[in-house]
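> What follows is a predicted protein model with its sequence.
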Amino acid sequence: MQDSFHGVIAFALLALMLWVGSQLRSRLSWLRASLVPASIVGGLIGFLALSLDLLPGYSPADFTALTFHFFTLSFMSLCLTGGGRQDAPGGGGSIVRGGLWLTLAWSISLGMQGAIGFLVVTGYDAVTGSDVSGFLGAIVTHGFTQGPGQALTYGTIWETEYGIANAAQVGLIYASLGFLMAFALGVPLARRYLTKGLNANRASRLDDNFRLGFFTRAGDDEGNQQAPGMGRMVSHPGNLDSLAYHLGLLAIAYVITHLWLTFVQGIIGNASPFGINVGVLFSHNLFFLHGLGVCVLMRMVIDRLGLSHRVDDETLKRITGSAVDFMVVGTLMSIQFAVLYALLAPILLVTVTVTIATLVGCLLIGRLSGNLGPERTVTSFGCCCGSTGTGLLLLRMMDADFSTSVPKELAFFNLAIVVVNLHILMIFAPIVPSLTPAIYLLVFGGTAIALIACIPLMLMWGRHGRASSPSSGWAEGVPTQGHAAAQSDSASASSPTISKGAAS
């Protein structure tokens, strides 16, 4: 039995690092001020412990598989969660228009980051005489805009199918640095908007609960948020614990997805129509994408049969949130110090260049988007550097109770980015190393340019929509009546379940 404990203790170490991170966040004033999540704090501690060989018998490789499966679970539990109220505060057009601005920011970043990363590494090779694959720069877009799960997924495919050495490791490194950049620049940006009073939700503020990382006791009389509930019991505890019941739903989806992939793999074999290795698209490395579809169908069936009362969305949200926490700490602990050290210069060059370009792009698109522009700026920057969850956390600084329409826009955004970027996410991303540099830049850079060309159309739509409403003046530092109205217009908005864009 002793041999069976290795994987269990690896999971226990992830949980331990999360606990240590939460305690340090609550006790160290500079960590409270930084608002860095416990998962990042704990992940960095775990990375240092592994690098210094303070966890004998364990290496970064022991946490890679756990990271992949927690990422997969976070997506699948997200898609089992119901959509909640679909009525859009302030009018459906406003939600769609705002969601499209967020979609533009993310989609432009997806193509732009990939092209920039590839060009930076290629330029680095030309200057230094190195022989680093340009695709180790290209994978930055999957680490930044999509997060550790997809970076690991596509990196593994590139590494095993196309021989791009260390692609998975470099993807995880970019994902980790993306989280750090999102908070290092996103938090000061959100604070700047708060200081200038540019946020629409005037009741939003950073209370002690937010800084401490823990809720105070119920009945707090200093304006701190009272601890919310974790959901309702669906199954009677005399029969089955409700949490175990919901995990069982996810288990059904996991088994169905596995059977589906195994079945399709047996049919298509090594088929490669038009030179595209179709088997890659149906490999278990893309388990999350197929699992997402299975869970969407499962939820549709559940709702159609009138069994939605047998599923508690809040419980599924807690599973999603917990999986994301474990995924982040696992991502940092999966980094191999030797790979980071060997490729430190090109990785930092790519990270800095991509971060600056992304920040400038999000600032410009946020400024052009009109009312709620500051909220969209910090949200899109978080989504384009960390995850949709990171964007939601930054948004919460400016819209604590999610009373604006931006959370609903994020719900629309999660669907729209899949549709807009379907050609990249489903066709080109898994087979990137098989493309010539010219084709790669045409696909990724061309997508970014084509979407930038859509901005004038969005502005025309916005001007038409504002013909009967006050214009936005947030860019000049003076919140207008129209901007302030955004709060009251969307006061009934409820927060949707948000995760990294699915192909987030």
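Ah, there it is.

> Val36 in helix, strand or coil?
Under DSSP: H, G, I helix; E, B strand; the rest coil, Val36 falls in the coil class.

> Next one: it from Leu54, what distance?
The gap separating Val36 from Leu54 is 22 Å, by Cβ to Cβ, to the nearest Å. Every C-beta, even on glycine, is put in place using the N, C-alpha and C of the backbone.

> So which of the two has more stuff around it?
Val36 (21 against 11; other Cβ atoms under 10 Å).

> which ones are touching the more buried one?
Contacts for Val36 were tallied using Cβ atoms under 8 Å, 6 or more residues apart in numbering; they are Arg25, Phe183.

> Show the backbone phi and psi for it.
Val36 adopts backbone torsions of phi -70, psi 130, taken as degrees, to the nearest 10.

> do Ile335 as well
phi -70, psi 130.

> My read is that Glu314 contacts Val234, right?
No: contact between Glu314 and Val234 fails when scored by Cβ atoms under 8 Å: they sit 10.4 Å apart.

> more neighbours, those two?
Neighbour count, other Cβ under 10 Å: between Glu314 and Val234, Val234 has more, with 17 against 14.

> mind checking how far that one is from Ala115?
47 Å.

> now do Pro437
From Pro437 to Ala115 the distance is 10 Å (Cβ to Cβ).

> more crowded one of those two?
Legend: neighbour count by other Cβ under 10 Å for Pro437 and Ala115, higher for Ala115 (24 against 13).

> quick one, what contacts the more buried one?
Per Cβ under 8 Å, 6+ apart, neighbours of Ala115: Ala138, Leu441, Phe444, Gly445, Ala448.

> Which residue, other than its chain neighbours, is closest to it?
Leaving aside its chain neighbours, Ala115 sits nearest to Gly445 (3.8 Å; criterion: Cβ to Cβ, 6 or more residues apart in numbering).

> Gly279 touches Ile267, doesn't it?
No: contact criterion Cβ under 8 Å: Gly279 and Ile267 do not qualify, at 10.3 Å.

> how about stretch 170-180 as CSV, C-alpha atoms only?
Extracted in CSV, the C-alpha atoms of stretch 170-180 (Å, rounded to 0.1, in the frame of the first residue of the first chain):
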residue,chain,number,x,y,z
VAL,A,170,7.7,26.7,-21.3
GLY,A,171,3.9,26.9,-21.7
LEU,A,172,3.4,26.5,-17.9
ILE,A,173,6.1,29.0,-17.2
TYR,A,174,4.4,31.6,-19.4
ALA,A,175,1.1,30.8,-17.7
SER,A,176,2.6,31.4,-14.3
LEU,A,177,4.2,34.7,-15.4
GLY,A,178,0.9,35.7,-16.9
PHE,A,179,-0.8,35.4,-13.6
LEU,A,180,1.9,37.4,-11.9
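
> which residues touch it?
40, 43, 64, 67, 136, 139-140, 142-144, 147-148, 151-152, 154-155, 328, 331-332, 334-335, 339-340, 343, 347, 350-351, 385-387, 390.

> 7 Å instead, please
40, 136, 139-140, 142-144, 147-148, 151-152, 154-155, 328, 331-332, 334-335, 339-340, 343, 347, 351, 385-386, 390 (Cβ atoms under 7 Å, 6 or more residues apart in numbering).

> same deal with stretch 368-381?
98, 101-102, 105-106, 182, 186, 189-190, 193, 198-200, 358-359, 362-363, 365-367, 391, 394-395, 398-399, 404-406, 410, 455, 459, 462, 466, 472, 474-475, 482-483, 486.

> Please list only the buried members of these.
98, 101-102, 105-106, 182, 186, 189-190, 193, 198-200, 358-359, 362-363, 365-366, 391, 394-395, 398-399, 404-406, 410, 455, 462, 472, 474, 482-483, 486 (16 or more other Cβ atoms under 10 Å).

> Please list the members of those residues that lie in helices.
Those of these mapping onto helices are 98, 101-102, 105-106, 182, 186, 189-190, 193, 358-359, 362-363, 365-366, 391, 394-395, 398, 406, 410, 455, 462, 482-483, 486, per DSSP state H.

> picking that back up, please identify which of Gly279 and Ile267 sits among more neighbours.
Gly279 (15 against 8).

> contacting residues around the more buried one?
Gln265, Ile268, Asn270, Ala271.

> same thing but 10 Å
Going by Cβ atoms under 10 Å, 6 or more residues apart in numbering, Gly279 touches Glu161, Val264, Gln265, Ile268, Gly269, Asn270, Ala271, Ser272.

> What mean pLDDT does whatever helix or strand Thr257 lives in get?
Element membership for Thr257, per DSSP states H and E: helix 242-268. Averaged across helix 242-268, pLDDT comes to 93.

> Over to stretch 141-161?
88.

> re the thing from before, the contacts of stretch 170-180 in strands, which ones?
With DSSP state E as the criterion, strands contain none of the contacts of stretch 170-180.

> Can you give me the distance of the most centrally placed residue in the chain to Arg191?
In the chain, the residue lying closest to the centroid (Cα atoms, centre = their mean) is Ser387, at 2.0 Å. As judged by Cβ to Cβ, Ser387 and Arg191 stand 21 Å apart.

> Same check on Leu435?
Taking Cβ to Cβ, one finds Leu435 at 42 Å from Arg191.

> ok, now Gly373?
When Gly373 is compared with Arg191 (using Cβ to Cβ), they lie 16 Å apart.

> more neighbours, these two?
When Gly373 and Arg191 are compared for neighbours, Gly373 comes out ahead with 22 against 15, by other Cβ under 10 Å.

> distance of the closest residue to the more buried one other than its chain neighbours from Pro188?
Using Cβ to Cβ, 6+ apart and skipping the chain neighbours, the partner closest in space to Gly373 is Gly366 (4.7 Å). For Gly366, the distance to Pro188 equals 15 Å [Cβ to Cβ].

> do the same with Gly231
Counting by Cβ to Cβ, the gap from Gly231 to Pro188 is 34 Å.

> Equivalent analysis for Arg396, please.
Applying Cβ to Cβ to Arg396 and Pro188 gives a distance of 16 Å.

> what about these two, which has more around it?
Arg396 (20 against 10).

> you'd agree the more buried one is up against Thr404?
No: with contact defined as Cβ atoms under 10 Å, Arg396 and Thr404 do not form a contacting pair (11.1 Å).

> Tell me who's in contact with Ala244.
Applying Cβ under 10 Å, 6+ apart, the residues near Ala244 are Ser235, Pro237, Ala251.

> out of these, who has the most neighbours?
Highest count within these by other Cβ under 10 Å belongs to Ser235, 16 neighbours.

> element containing that residue, please.
Short version: Ser235 belongs to no helix or strand, going by DSSP H and E.

> Would you check that it makes contact with His309?
No: the criterion here is Cβ under 10 Å, and Ser235 misses it with His309 at 11.6 Å.

> returning to what we had before: now, the contacts of stretch 170-180 that are in helices?
Using DSSP H, these in helices are 40, 136, 140, 148, 151-152, 154-155, 328, 331-332, 339-340, 347, 351, 385, 390.
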